[in-house]
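Asks: build me a model from this:
(2 chains)
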Amino acid sequence: MVIAVKVSGLTKRFGDKIAVNRVSFNVGFGEIYGLLGPNGAGKSTLISMIVGVIEPDEGTIEVLGGEIRDSDVRSKINYCPQNPALYDDLTGLENLIFYSSLYGITGRRALERARELIKKVGLEEYANKPVKIYSGGMRKRLNLAAALMNEPSLLILDEPTTGMDPQIRREVWRLLSEIKGSDRAILISTHYMDEAEALSDRVGIMDSGKIIAEGKIEDLKRNYAPKSVISIEFFNPNEQHRAREELGRYLEPKDIVAINGSIRVYSEDPDTLLPQISLNLFKAGVKIASLRVVKPTLEDVFLRLTGRRIMEVEG
Amino acid sequence: MKASVIKAFVVKDLKETFRDKVAVFWMIAWPLIWLLLTAYIFITPGADQPKTMNIGIINRDVSSSSPFSGLILVRALKEAEYKGVKLFNVKTYESEDLLLEDIKKGRIDAGIIIPENFGENITFSQTSLEIYVGMKSMQSAQINRYMLERFIEEFNRVVSEEKIAWAMKFIPEEYVDPDIVKGFLRGLARPINTTFTEVLPEALISREAWIGWYTIGAIGMTMLYSGLNIGSTALLEERQKGCLHKILASPITPFELIFGKILFGILSLSIISAVIVAFGVFVCGAKIYWSPLRIEHWIAPIMLLVLALLTLGTGSILSLMVKSVRGASSLSTSLGLMLAFLTGIWFPREWFPEWMRILADYSPATWAVDAIRKVIVFEAGLTEVAHHIIGATSAALAVLAIGVAIYRRMLRKYLER
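Replies: Now for the predicted structure:
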């Protein structure tokens, strides 16, 4: 794999707080690398350092074989910030043309590219309307189009679908899958597990400024998540506490995780454990709505590694 | 430095600014409204013409047969003209109380009471006149009094000439030289023959030139608050919109960003200046001399550029004191308007008390505006405004250098944050 981004020992402190702590990872051409972690994990700071907007305190960043300060390198990358960077009084097309000018793409070429992209993100009808009338989802899509104007070799997206409705999120995923190619590397930060799972070839899980695990999704699940997960849901969420006490009599506390009124039990042998749980909870008088074996997700990986949920940290 | 990048910033900022109705109001409509009000309310058409006084007369000398009777005086008042304009509107009164009441209420400017036997007394000895001048304002009272004094002086001159001519009939020519006697008598009547010659600048006399003066003032005023505004919000606005992050991640250099912002400021202020000049000349009737063939007339656009750089640079200094675009706009607009009114840019500094003129005397913005006014309103030469040009340009370059340093520091701090 040809390396597009090589990050080594990157550290950034804000006063006493270490936002990014000795982070190292690589992103290769042809892959989408997902930085998954809760809000406040340090993903945006890490991305800001990679795009050269924030200076790191320690560590090195090599982008496309060069320094990020090099304008030739910068002209081959593009960055899609978390909050759309758009000008309300300009039209969608004008916004795209302005951003393309910063990359030396002007005139007819810029206009054609802007029209092509605005069509691709489904905003053709609004191309000549001022951005101030755009909805949140439309702004996000235009923001993404702006990041594609220079056909970047490295595309960096910071939480690209936050705040979008599920249908538009899937459209964005489809678009990102379309633009993925052997000559392009994509680095994406997200706190949505489904997004990381749907898009990423490899994932770096971030928590408290560190990458705590990294690899292909299946490898992460194999290495950090249990073989299977038993999901227990209740008619009355208040039953969760009693059920947890009951399960704690014969299971390790680390294998029982309470999430939003339900319980996930990690097990290497679900076929044996499932009937046992069912019987014991019945005897204890706990009313169960559903009891089933599910496949582990990245959420389970994060839970196993940190003892917390990604979304819990966010709240 | 890539021209396409700078052009991108300029075009983007111009579109954003001139599509924003509030910005257009403050940058263009507001100075035009001021100019219009000034041209048609404060300098009304005909304001450069001689003033006509409304005066009331009580003539108690109606039956006199003297050649200088009260009737003659009233007729002279009615017929008096200056530069083709009637000087007095005369209204006749019967009662002194009514006359005084109308003066007190401001209905007339002054009242003259011509006593009985006015004609007889003026012919054979000396007479008197009672004159009441309304004190509606100190300045109008001064003008009214001056006008009446001048009229009476002229009337005195005519009467004395008539009386001398009459007296000469009784002096036998064989004893004394009649010219010597005539001169002596004239000397008795008016020992000093005063001659007033008006030497006010020709251009200032006309209403059109006054509007020209205010047109430049409107440019100065707008440049002050708009320039300060643009200068103070240039980077804050990008940051507040969340675009600075993306811009700084692009291949452009901080210098290109700063240069683009300054060039946008200069261009937008130039557009505003052109609109104000066109409005002043074609709508308000301002008289402005400008010919591209006259070298000294190029001082005007150069000084406009200097003024733009001065205000943009000062604006960037202001940005150090604020944290938001709204704060920067409020501070720059209020400071700009205050400076425009206090430094002789909008109001003539002669109107200010002595201590306040210091502000105008030491304001580089006023130097630039004064240089423009002197050249294109009063047709001054290069040497007459050289000190203003040197002072304003030096100040603008110094402030601009500080401004660029502040912008660079802001960007560096943003990167290091």
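
Asks: so is the host helix or strand of A:Leu93 next to chain B?
Replies: Counting by DSSP states H and E, the element that carries A:Leu93 is helix A:92-101. Yes. Helix A:92-101 lies within reach of chain B by Cβ under 8 Å from any Cβ of the partner chain, at A:94, A:98-99, A:101. For the C-beta atoms, the positions are set from N, CA and C on the backbone; glycine is no exception.

Asks: tell me the mean pLDDT over that helix?
Replies: On average, the pLDDT along helix A:92-101 is 97.

Asks: quick one: buried residues of that helix?
Replies: A:92-101 (16 or more other Cβ atoms under 10 Å in any protein chain shown).

Asks: ditto for stretch B:275-284
Replies: B:275-277, B:279-281, B:284.

Asks: between those residues, which sits nearest chain A?
Replies: Checking those against chain A with Cβ to the nearest Cβ, the nearest one is B:Val275 at 19.7 Å.

Asks: for the nearest residue to that closest one once chain neighbours are set aside, give me its contacts.
Replies: With Cβ to Cβ, 6 or more residues apart in numbering or on different chains as the criterion, B:Val275 has its nearest non-adjacent residue at 5.6 Å, and that residue is B:Ile28. B:Ile28 makes contact with B:222, B:272, B:275-276, according to Cβ atoms under 8 Å, 6 or more residues apart in numbering or on different chains.

Asks: could you dump these into JSON lines and include pLDDT and secondary structure?
Replies: Output for the contacts of B:Ile28, formatted as JSON lines (pLDDT from 0 to 100; DSSP: H, G, I helix; E, B strand; the rest coil):
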{"residue": "B:Thr222", "pLDDT": "92", "secondary structure": "helix"}
{"residue": "B:Ile272", "pLDDT": "94", "secondary structure": "helix"}
{"residue": "B:Val275", "pLDDT": "95", "secondary structure": "helix"}
{"residue": "B:Ile276", "pLDDT": "95", "secondary structure": "helix"}
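
Asks: name the nearest of those residues relative to B:Met168.
Replies: B:Ile276 (64.3 Å; Cβ to Cβ).

Asks: show me the contact partners of stretch A:200-209.
Replies: By Cβ under 8 Å, 6+ apart, stretch A:200-209 touches A:18-21, A:23, A:25, A:31-38, A:41-43, A:46, A:188, A:196, A:211-217, A:220, A:298, A:301-302, A:305-306, A:313.

Asks: sorry, back to before: which two of the buried residues of helix A:92-101 have the greatest separation?
Replies: A:Gly92 and A:Ser101 (15.4 Å).

Asks: what are the ranges of the strands in the chain?
Replies: You didn't pick a chain, so chain A it is. For chain A, the strands defined by DSSP state E occupy A:3-14, A:17-28, A:32-36, A:58-63, A:77-80, A:154-158, A:185-190, A:202-207, A:210-216, A:228-234, A:256-259, A:262-267, A:288-294.

Asks: not quite, go with chain B.
Replies: B:53-59, B:81-82, B:85-86, B:88-92, B:110-114, B:130-133.

Asks: could I get those strands as CSV with mean neighbour count?
Replies: Shown next, in CSV, are the strands of chain B (neighbours: other Cβ atoms under 10 Å in any protein chain shown):
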stretch, mean neighbour count
strand B:53-59, 21
strand B:81-82, 12
strand B:85-86, 14
strand B:88-92, 16
strand B:110-114, 22
strand B:130-133, 16
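
Asks: those: which one's closest to A:Thr60?
Replies: strand B:85-86 (86.0 Å).

Asks: before we move on, back to that, turn the buried residues of stretch B:275-284 into a markdown table, including distance to B:Gln126.
Replies: As requested, the buried residues of stretch B:275-284 are exported to a markdown table (distance: Cβ to Cβ, whole Å):
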| residue | distance to B:Gln126 |
| --- | --- |
| B:Val275 | 64 |
| B:Ile276 | 59 |
| B:Val277 | 59 |
| B:Phe279 | 58 |
| B:Gly280 | 54 |
| B:Val281 | 56 |
| B:Cys284 | 52 |
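
Asks: where does the chain have low pLDDT?
Replies: No chain in the question, so chain A it is. Residue ranges of chain A with pLDDT under 70: A:310-315.

Asks: that answer is for a different chain, and I need it for chain B
Replies: In chain B, residues with pLDDT under 70: B:44-48, B:63-64, B:194-205, B:415-417.

Asks: one step back: so which elements touch the helix holding A:Leu93?
Replies: helix A:107-120, helix A:136-148, helix B:3-19 (3 or more Cβ pairs under 8 Å, 6 or more residues apart in numbering or on different chains; DSSP states H and E).

Asks: again, only using 10 Å
Replies: Applying 3 or more Cβ pairs under 10 Å, 6 or more residues apart in numbering or on different chains; DSSP states H and E, we find helix A:92-101 packed against helix A:107-120, helix A:136-148, helix B:3-19, helix B:244-248.

Asks: list the buried ones in stretch A:267-279?
Replies: Buried positions in stretch A:267-279, judged by neighbour count with 16+ other Cβ under 10 Å: A:267, A:270, A:273-274, A:277.

Asks: before we move on, what about stretch B:76-84?
Replies: Buried, per 16+ other Cβ under 10 Å, within stretch B:76-84: B:76-77, B:80.

Asks: now chain B against chain A: closest residue?
Replies: For chain B, Cβ to the nearest Cβ, closest residue to chain A: B:Ala8, 3.3 Å.

Asks: got a list of what that residue touches?
Replies: By Cβ atoms under 10 Å, 6 or more residues apart in numbering or on different chains, B:Ala8 lies in contact with A:97-104, A:106, A:110, B:2, B:252, B:256, B:260.

Asks: now flag whichever of those is closest to B:Val133.
Replies: For the contacts of B:Ala8, the nearest to B:Val133 is B:Gly260 (62.7 Å; Cβ to Cβ).

Asks: count the residues that sit near the nearest residue to that closest one once chain neighbours are set aside.
Replies: Leaving aside its chain neighbours, B:Gly260 sits nearest to B:Phe9 (2.9 Å; criterion: Cβ to Cβ, 6+ apart). B:Phe9 has 25 neighbours, counted by other Cβ atoms under 10 Å in any protein chain shown.
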